[in-house]
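**Q** Show me the folded form of this:
(one chain, ligands or ions: 1)
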Amino acid sequence: MNELISKNYCPHCSLFWQLEEKQMERLSQQQLKSMLSENITCRYCDKNFTFYEGMIEGIITAKLFRAFDLMYDFSFRDRTFIMLGQMKTIKLPKEMKLKEVVLSTKAPAKLSSSYSREGFIESFDVISSELNPETKNKILASGGWKRGLPEIKDWVEIEYHAYGNTKDQRENEVWIELLSQIMKQIQQEQYSAAILSSEIMFESFLDKSLFISLKNQGLNDETSYLILESVGNIQTKTHKLLEKLEGNGLQINKSVNKEWEKLLRKRNKIGHGEEIDFKKEEAQQALKTALEAICTIYIHTDIYT
Ligand SMILES: [Zn+2]
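**A** Numbers count the residues shown, from 1 in each chain. Purely as a prediction, here's the structure:
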């Protein structure tokens, strides 16, 4: 949760700022929790909003590269020239667990990157190839390259943006990894998948929270897993089990709970194979609901203290 809280967006002017690591370290979990419901004033546009609104709004409306800023602790961008058809190794400024590489070029070339997803690495490879005629025609027809097709020479100038983690402890939790998946799905117009993943993200956070809560009751790992597995019904977990353990279930926030029940119905329809044409707004709403439900549990229980 801390990685989300350390960065905040203004829902009005969509500027974003970040708390420094040292500031974050000084804050206890209790202070972080109360910070989520605090009113803040944007230092750029002077408008007021709660921290939590800003955080969620920022995630929903964020461009994918902004999303990566939320997910990872280090990013690096630069330009370079690469020779068409030949692999080029690009050195990173420091060792990192590379998670995403975004490549772009104005030349009519196809770019791809390759790197190891395991462990810390110091470089990644980029290769470019000429676009096939079909793709070229498609881009021309869509109004790209308004001044005609740029001539491709042997060398192509590319821009790269690499994102990753430089510290071991920043290994993201499962639900955070899902969050970046959902943002990608929305960008790629896979709205049903985004709705489905939003509910899975919530359930992953819920299970993790219940597990911590059961352990806090003095149960061992196996018993805690066993209890979680035997409660098959997600509503029972979200409402009754959480309430029995923590004094509050998701129903503590009526409006969030209502939206979550709607999300669950949509998830069930998708799960049953119904063909529904979901719109972008519905996928964004699903993500918003899942994040609000996660924040509700985070704020209204004593699991994260
Ligand atoms: Zn603002």
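**Q** count of neighbours near the nearest residue to Lys136 once chain neighbours are set aside?
**A** Once flanking residues are discounted, Lys136 sits nearest to Pro108: 5.8 Å by C-beta to C-beta, 6 or more residues apart in numbering. To be clear about C-beta, it is placed using only N, CA and C from the backbone, and glycine gets the same treatment. Counted by other C-beta atoms under 10 Å, the residues lying close to Pro108 total 18.
**Q** The ion contacts on this protein?
**A** Contact residues, the chain versus the ion (C-beta under 5 Å from the ion): Cys10, His12, Cys13, Cys42, Tyr44, Cys45.
**Q** Who are the contact partners of the second one?
**A** His12 sits next to Cys42, Cys45, Lys47, Phe49 when contact means C-beta atoms under 8 Å, 6 or more residues apart in numbering.
**Q** Strands - which of these land there?
**A** Phe49 (DSSP state E).
**Q** can I see the domain layout of the protein?
**A** Using automatic domain parsing, the domain parsing of the chain gives 2-71, 74-166, 174-300.
**Q** Burial-wise, tell me which of those comes out on top.
**A** Looking across the domains of the chain with neighbours counted as mean count of other C-beta atoms under 10 Å, the highest average goes to domain 174-300: a mean of 17.
**Q** tell me the mean pLDDT over that domain?
**A** Mean per-residue pLDDT for domain 174-300: 93.
**Q** coming back round to it: now go through the contacts of His12 and say which are in helices.
**A** Among the contacts of His12, no member falls in helices (criterion: DSSP state H).
**Q** ok, which pair from the contacts of His12 is furthest apart?
**A** With C-beta to C-beta as the measure, no two of those lie farther apart than Cys45 and Phe49, at 10.4 Å.
**Q** Touching both of those two, which residues are there?
**A** Cys10, His12.
**Q** Would you mind measuring from Gly164 to Phe68?
**A** As judged by C-beta to C-beta, to the nearest Å, Gly164 and Phe68 stand 9 Å apart.
**Q** Give the residues shared as contacts by these two.
**A** Joint contacts of Gly164 and Phe68 (C-beta under 8 Å, 6+ apart) are Ser75, Lys99, Glu100.
**Q** Include distance to Met87, secondary structure and pLDDT when you put those into JSON lines, please.
**A** Converted to JSON lines, those look like this (distance: C-beta to C-beta, whole Å; DSSP: H, G, I helix; E, B strand; the rest coil; pLDDT from 0 to 100):
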{"residue": "Ser75", "distance to Met87": "23", "secondary structure": "strand", "pLDDT": "87"}
{"residue": "Lys99", "distance to Met87": "21", "secondary structure": "strand", "pLDDT": "86"}
{"residue": "Glu100", "distance to Met87": "19", "secondary structure": "strand", "pLDDT": "86"}
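**Q** gap between the two ends of stretch 227-242?
**A** Terminal residues of stretch 227-242 lie 12 Å apart, using C-alpha to C-alpha, to the nearest Å.
**Q** err, stretch 297-305, not the other one
**A** 12 Å.
**Q** Isn't the residue nearest to Lys136 up against Leu131?
**A** Yes. Proximity of Pro108 to Leu131 meets the contact threshold set by C-beta atoms under 8 Å, at 4.9 Å.
**Q** now the helices: where do they sit in this structure?
**A** Going by DSSP H, the chain shows helices at 2-5, 21-26, 29-36, 51-61, 64-71, 133-141, 174-187, 191-216, 221-230, 234-235, 242-246, 254-271, 280-300.
**Q** Which one, of those, ends up nearest to Met87?
**A** That would be helix 133-141 among those, by C-beta to C-beta, at 21.0 Å.
**Q** tell me what the closest one is packed against?
**A** Using 3 or more C-beta pairs under 8 Å, 6 or more residues apart in numbering; DSSP states H and E, no helix or strand is in contact with helix 133-141.
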